[in-house]
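Q: this is a predicted model, with the sequence first.
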Amino acid sequence: MASTLLVQNNAKPLAQDAKSKKQIIFHVDMDHFFSAVEERENPSWKGKPVVVGADPKEGSGRGVVKTCNYEARAFNIHSGMPISQAWRLCPTAIYVRGNYRLYKEVSAEIMKILMKYSDSFEQWGLDEAFLDVSSEVEDFDEATELAKNVKRDVLGNQGLTCSVGVAPNKLVAKVASDFRKPDGLTVVAQDAERFLAPLPVRRLLWVGRKTESKFREMGIRTIGDLAAFDVSALTEKFGVMGKRYHLFAQGLYESDVGGRRGRTKSVGHETTFGSNTNDYELILNKLDNLCERIHKRIDRRRILFKTVTVKIRYENFQTHTHGKTLPLFTNRLNDLQKTARQLAQHYLQDKAVRLVGIRVSSLASNEGQRTLFE
């Protein structure tokens, strides 16, 4: 069950927003990704220990565990463990060699979903990514709601849960995403140092087993211990990294989310209903809400749009999209909602609807453009 913790055309290219306010960063981490995909493909495995890795060969296998689900972790199985040891701990687990082609395909679909939420996106491996949403939200309250939408979007589209950390920088967001796994949401709005202090020092980025062992020799067991430690002693032991570790322990980390994708091509949102519905008024009201969210984003970023596209997914997973290009650019909420309703009604049938989405494209800066209202 999900848990949330709050710690407080001839158009001009779109201008980049200045960083005039506090950064807000998401770290999205899929929950036990490989084994979760295997469970999704084999529903009868749900609730049973699943281990992805080498063939255990009844305890004589020579490979290692790649990952495992939480049921397997209850037997003290973990990633990197010799597969023979895992088999001895739980010989009744389901052992899978792994379908890496499938994992890559699912990962690509998940990353497409995440990239809809920010132009500043950085993928780490197959199962995690950073998003800089500073220009998409006004504050951490809005960021919390956006993170919930990300989680619902991933679950609705891929049937997989993820955990999200929300914080002022990548380091704290990364730690936060791991704080309440699985299916967690942890928001560190302020006082990152206090949030980090009681956690094991191994939770910090760039602290591996060997570094952790050296810290323990120095009496450093928690991140708080590290933050309070003499920085000159750390520098003497670890060189330049000693000072960096000291800053990390205080929640200080300067690194932008990489992989900026340049000019924004579209802005959109979609949502999956808790249960399939053919209540047309409910569907249209949900579209209105999605339009409001998009309008807030484009208004904040001073964007005009010309094309509106609606997406409808039925209960049988058939998906239809229908778009309309307006005669001139506009930024009015009324234009967006009116067009979205017209497009959606074209596809509302007797079938129950699972998902609705709305997207605006053909974007331009609002400087120097004639608008539909004008």
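A: Cool, the structure landed. It should be emphasised that the depicted structure is a prediction, and the values quoted were computed from it without experimental measurement. Residues are numbered from 1 along each chain as shown.
Q: look at Ala108 and report its pLDDT.
A: What the model reports as pLDDT for Ala108 is 94.
Q: any idea how far Ala129 is from it?
A: Separation of Ala108 from Ala129 (C-beta to C-beta, to the nearest Å): 12 Å. Where C-beta positions appear, they are placed from N, C-alpha and C, glycine not excepted.
Q: go on, Asn316?
A: 30 Å.
Q: the more surrounded of those two?
A: More neighbours surround Ala129 than the other of Asn316 and Ala129, with 24 against 10 (other C-beta atoms under 10 Å).
Q: ok, residues contacting whichever strand or helix holds that one?
A: According to DSSP states H and E, Ala129 maps onto strand 128-132. For strand 128-132, the surrounding residues in contact (C-beta atoms under 8 Å, 6 or more residues apart in numbering) are 23-30, 111, 114, 117-118, 120-124, 150, 170, 173-174, 177, 256-257.
Q: repeat the analysis, applying 6 Å as the threshold.
A: 25-29, 114, 117-118, 120-123, 170, 257 (C-beta atoms under 6 Å, 6 or more residues apart in numbering).
Q: just those residues: which are in strands?
A: Those of the contacts of strand 128-132 mapping onto strands are Ile25, Phe26, His27, Val28, Asp29, Ser120, Phe121, Glu122, Gln123, per DSSP state E.
Q: any idea of the pLDDT on the third one?
A: At His27, the model reports a pLDDT of 97.
Q: thinking again about what came up before, redo the contacts of strand 128-132 as TSV? Include neighbour count.
A: Formatted as TSV, the contacts of strand 128-132 follow (neighbours: other C-beta atoms under 10 Å):
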residue	neighbour count
Ile25	28
Phe26	29
His27	26
Val28	27
Asp29	22
Leu114	20
Tyr117	23
Ser118	26
Ser120	21
Phe121	21
Glu122	19
Gln123	18
Lys170	24
Val257	23
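Q: closest to Asn366 among the residues you listed?
A: Ser118 (20.4 Å; C-beta to C-beta).
Q: ok, that closest one - contacts?
A: Counted by C-beta under 6 Å, 6+ apart, Ser118 has contacts Leu131, Asp132, Val133, Glu136.
Q: tell me the phi and psi of Asn331?
A: When read as degrees, to the nearest 10, the backbone of Asn331 gives phi -130, psi 20.
Q: what about it, how many neighbours?
A: For Asn331, using other C-beta under 10 Å, the count is 20.
Q: let me see the contact set for it.
A: Taking C-beta under 6 Å, 6+ apart as the test, what Asn331 contacts is Leu304.
Q: any idea how far it is from Glu270?
A: In terms of C-beta to C-beta, Asn331 sits 21 Å off from Glu270.
Q: and the helices in the stretch 201-350 of the chain, which stretches?
A: 209-217, 223-228, 231-238, 240-249, 280-300, 333-345 (DSSP state H, counting those that start in this stretch).
Q: mean pLDDT and mean neighbour count for these - can I get that in a markdown table?
A: Supplementary listing: the helices of the stretch 201-350 of the chain in a markdown table, determined by pLDDT from 0 to 100; neighbours: other C-beta atoms under 10 Å:
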| stretch | mean pLDDT | mean neighbour count |
| --- | --- | --- |
| helix 209-217 | 93 | 13 |
| helix 223-228 | 96 | 20 |
| helix 231-238 | 94 | 14 |
| helix 240-249 | 94 | 18 |
| helix 280-300 | 89 | 17 |
| helix 333-345 | 91 | 18 |
